[in-house]
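S.K.: the sequence and its predicted three-dimensional model are supplied below.
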Amino acid sequence: MEPLFEIIHSSISLQRATLQDTESLFELQKKVFTPLYEKYEDHETSPVFQTLVRFKERLNTGDFYKIMYSNSLVGSVHVYAKSPGVMRLHMINILEDYQGNGIAQQVLSRLESMYPEAVKWELDTILEEERNCYLYEKMGYVRIEDRWKINDKMTLVHYAKTANLNRMKAL
């Protein structure tokens, strides 16, 4: 799919989500993950089936951000400290019309700079979603051999990225 427009990175911002954002972010998550659910028929782990109560709990765990483009909500991202120095990118979701325009790259770069204490970042993604794997690898993440077969159509893979030691020394 060709991008509908070129994203100007200075128009992208991350805004901390609040409880008032719960319903709009919950609906956004369902909208983003419904096509993946339909493709992979993941009845067990799909965010499509997350309850509003569980979503609200997650909103209060770690840091949850709205991804804004020119003051419009286009996605969200959830990160939390897994252990001292290890940050977990739990979920990033961007509306389909805005995918493929560099937003995720910009969000990842900004998140990494917002958490200078992180010496390692971790995430999971769908192995069969080649664009996601390409993105994370392009951003310096390395695929770890951990795999979780969800069903015959879908496997989750684990990625990790170690912080740049030169950057850490400069801090």
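M.R.: Received it, and whenever you're ready, just let me know what you need. Nothing here was measured: the structure is a model prediction, and the numbers come from that model.

S.K.: helices or strands next to the longest strand seen in the chain in the packing?
M.R.: Taking DSSP state E as the criterion, the chain has its longest strand at strand 72-83. Identification of packing neighbours for strand 72-83 by 3 or more CB pairs under 8 Å, 6 or more residues apart in numbering; DSSP states H and E yields helix 22-40, strand 63-69, strand 86-94, helix 103-114. Any C-beta I mention is one placed from the backbone N, CA and C, and that applies to glycine too.

S.K.: would you indicate which residues of it are buried?
M.R.: 73-79 (16 or more other CB atoms under 10 Å).

S.K.: one step back: can I get the helices and strands packed on strand 72-83 in CSV with mean pLDDT, distance to A163 and mean neighbour count?
M.R.: Shown next, in CSV, are the helices and strands packed on strand 72-83 (pLDDT from 0 to 100; distance: least, CB to CB, whole Å; neighbours: other CB atoms under 10 Å):
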stretch, mean pLDDT, distance to A163, mean neighbour count
helix 22-40, 96, 28, 16
strand 63-69, 96, 17, 20
strand 86-94, 95, 9, 20
helix 103-114, 95, 8, 18
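
S.K.: mind putting those into JSON lines with distance to T51?
M.R.: Below are the helices and strands packed on strand 72-83 laid out as JSON lines (distance: least, CB to CB, whole Å):
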{"stretch": "helix 22-40", "distance to T51": "9"}
{"stretch": "strand 63-69", "distance to T51": "16"}
{"stretch": "strand 86-94", "distance to T51": "15"}
{"stretch": "helix 103-114", "distance to T51": "26"}
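
S.K.: of all these, which lies closest to R131?
M.R.: Closest to R131 of those, according to CB to CB: helix 103-114, at 9.6 Å.

S.K.: ok so, going back, partner strands of the longest strand of the chain, parallel or antiparallel?
M.R.: Here strand 72-83 has these sheet partners by DSSP bridges: strand 63-69 (antiparallel), strand 86-94 (antiparallel).

S.K.: no further queries at this time; thank you.
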